[in-house]
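Student: Predicted model and sequence follow; I will ask about them next.
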Amino acid sequence: MSQEPTGADQPTDGPQPPEWLDTPDRGDGRVYVMPYELRFAVKVALATGRPLLLRGMPGSGKSSLAPFVARQLGWRFYEHVVTYRTQPKELLWSFDSVRRLGDAQIAAPRSERPDDARYVQPGVLWWALAPRSAVRRGRPAGAEIPDPCPDPFEKINDDRSPDHAVVLLDEIDKADPDVPNSLLVPLGLHRFVVTELGKEIRTELPEPALRPTREDSRQTRHLVVLTTNEERELPQALLRRCVVHVLPEHDRDMLVRIAKEHLHTWSGEVTRADEELAEAVADKLVEVREEAVMRDVRKPSTAEYLDALLACRTLGIRVDDEDWQLLTRNVLIKPQQMAGDPA
């Protein structure tokens, strides 16, 4: 997996809003600096077929890894951001029982029964494991499909491998323990049953024209990446089934290395002035982190460092300017943190 950026947007020559809007999202998979230890953890997850659980402070790059790996490998990508309201089977499928009941009441006088598959919405894990079945909403192969389900990430996945996928289950720790517990069988055995259809969904074989060789058949075709901010303790049964990697706080040299890679995506080239600015902002960030420790507030993350760098570069701010102090409060040590808010 190469660390080189794969493309560049138009150069950013000034603070005009249209150019700000063209700045690529850092979660789009274009660039990611992957240390050897993290690269090794990804390889182990692929070799064992186990999910990769990423731990680390917010803004350390946990959510950005999955789209980067998917882009580098040419695999399909799916993402689900877990919330406190996420239901146990939501990552697998959902079923619109209210609409099903209404249609059944309309069809009853005609002695008709609604097609239950109409009310099934495949989740990200279904799309990853069995995309052809997901399009059919679980109907048998060869059945008439009056309402094919569109790939929710169709724009990203249009030219990627139909038989490989990376799935990001972001912030899994926010969910009730029932959610990760419900994933033990699907993540371990790569199959699950859609109860409303009585249909077992399992990993589909590759298309005949794309069948792997004997050697390739031993390679894992899917990678599930879980992230946690440690808001809740994860079930031990899930931890036992995961490859676990902790993303460390990036030091000054690593911050500068990451900045140089992102500068390529922002402007297409990195000048000496850009490098000096990245180094100066990294030096200041180290100072701000020390200040944050003394104030007993959350230290600024790598993501906030990149925000500060982009603001400095776009607005022409230098770290010895008065505006730097304002930027520190806007981006690095937020006002609510200074007031004692733990967010």
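Tutor: Thanks, I have it. Numbers count the residues shown, from 1 in each chain.
Student: Before we go further, residue 33 is sitting in a helix, right?
Tutor: No. According to DSSP: H, G, I helix; E, B strand; the rest coil, residue 33 belongs to no helix; its state is coil.
Student: That one: neighbour count?
Tutor: Counted with other C-beta atoms under 10 Å, the neighbours of residue 33 add up to 18. Glycine gets a C-beta too; all of them are placed from N, C-alpha and C.
Student: From residue 109, how far out is it?
Tutor: Going from residue 33 to residue 109 by C-beta to C-beta, to the nearest Å gives 64 Å.
Student: got the buried residues for the helix or strand that contains residue 185?
Tutor: Here residue 185 sits within helix 184-189, counting by DSSP states H and E. Within helix 184-189, the residues scored as buried using 16 or more other C-beta atoms under 10 Å are 186-187.
Student: again, but for stretch 280-294
Tutor: Buried residues in stretch 280-294, counted by 16+ other C-beta under 10 Å: 280-282, 284-285, 288-289, 292.
Student: for stretch 161-178, same thing?
Tutor: By neighbour count on 16+ other C-beta under 10 Å, the buried set for stretch 161-178 is 163-175.
Student: Filter the residues you listed down to the ones in helices?
Tutor: Applying DSSP state H to the buried residues of stretch 161-178, no entry is found in helices.
Student: Of the buried residues of stretch 280-294, which one scores lowest on pLDDT?
Tutor: Across the buried residues of stretch 280-294, the smallest pLDDT goes to residue 292, namely 86.
Student: Quick check: closest non-adjacent residue to it.
Tutor: Of all residues not flanking residue 292 in the chain, residue 299 sits nearest, at 4.4 Å (C-beta to C-beta, 6 or more residues apart in numbering).
Student: The one you found falls within a strand, correct?
Tutor: No. Going by three-state DSSP, the assignment for residue 299 is coil, not a strand.
Student: now the buried residues of stretch 161-178 as a markdown table including distance to residue 61 and pLDDT?
Tutor: Listed next are the buried residues of stretch 161-178 as a markdown table, based on distance: C-beta to C-beta, whole Å; pLDDT from 0 to 100:
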| residue | distance to residue 61 | pLDDT |
| --- | --- | --- |
| 163 | 28 | 92 |
| 164 | 23 | 94 |
| 165 | 21 | 97 |
| 166 | 15 | 97 |
| 167 | 18 | 97 |
| 168 | 12 | 97 |
| 169 | 16 | 97 |
| 170 | 12 | 96 |
| 171 | 14 | 95 |
| 172 | 17 | 96 |
| 173 | 17 | 94 |
| 174 | 19 | 94 |
| 175 | 22 | 92 |
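Student: which one of those is nearest residue 310?
Tutor: The nearest member of those to residue 310, counting by C-beta to C-beta, is residue 170 at 22.6 Å.
Student: Run through the bridge partners of the closest one.
Tutor: Note on residue 170: beta-bridge partners by DSSP bridges are residue 81.
Student: I'd like the distance between it and residue 78.
Tutor: According to C-beta to C-beta, residue 170 and residue 78 sit 11 Å apart.
Student: what do you get for residue 147?
Tutor: Residue 147 is 21 Å from residue 78, by C-beta to C-beta.
Student: those strands in this protein, which residues are they?
Tutor: Per DSSP state E, the chain carries strands over the ranges 52-55, 75-81, 93-95, 120-122, 161-170, 191-194, 199-202, 222-228, 243-246.
Student: top helix in the protein by residue count?
Tutor: helix 272-295.
Student: next one: that helix to chain centre, how far?
Tutor: Distance, stretch centre to chain centre, for helix 272-295: 27 Å (C-alpha atoms, centre = their mean, to the nearest Å).
Student: Tabulate the CA atom coordinates of it in PDB.
Tutor: Extracted C-alpha coordinates of helix 272-295, given in PDB (Å, rounded to 0.1, in the frame of the first residue of the first chain):
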ATOM      1  CA  ARG A 272      10.200  25.400   1.200                       C
ATOM      2  CA  ALA A 273       7.900  28.100   2.700                       C
ATOM      3  CA  ASP A 274       5.200  25.400   3.200                       C
ATOM      4  CA  GLU A 275       7.700  23.100   4.900                       C
ATOM      5  CA  GLU A 276       8.900  25.900   7.200                       C
ATOM      6  CA  LEU A 277       5.300  26.800   8.100                       C
ATOM      7  CA  ALA A 278       4.500  23.200   8.800                       C
ATOM      8  CA  GLU A 279       7.500  22.900  11.100                       C
ATOM      9  CA  ALA A 280       6.700  26.200  12.900                       C
ATOM     10  CA  VAL A 281       3.100  25.200  13.500                       C
ATOM     11  CA  ALA A 282       4.200  21.800  14.800                       C
ATOM     12  CA  ASP A 283       6.600  23.500  17.200                       C
ATOM     13  CA  LYS A 284       3.800  25.700  18.400                       C
ATOM     14  CA  LEU A 285       1.500  22.700  18.700                       C
ATOM     15  CA  VAL A 286       3.900  21.000  21.100                       C
ATOM     16  CA  GLU A 287       3.900  24.200  23.200                       C
ATOM     17  CA  VAL A 288       0.100  24.300  23.200                       C
ATOM     18  CA  ARG A 289      -0.100  20.600  24.200                       C
ATOM     19  CA  GLU A 290       2.100  21.400  27.200                       C
ATOM     20  CA  GLU A 291      -0.200  24.300  28.100                       C
ATOM     21  CA  ALA A 292      -3.200  22.000  27.800                       C
ATOM     22  CA  VAL A 293      -1.700  19.500  30.200                       C
ATOM     23  CA  MET A 294      -1.200  22.300  32.800                       C
ATOM     24  CA  ARG A 295      -4.800  23.400  32.300                       C
END
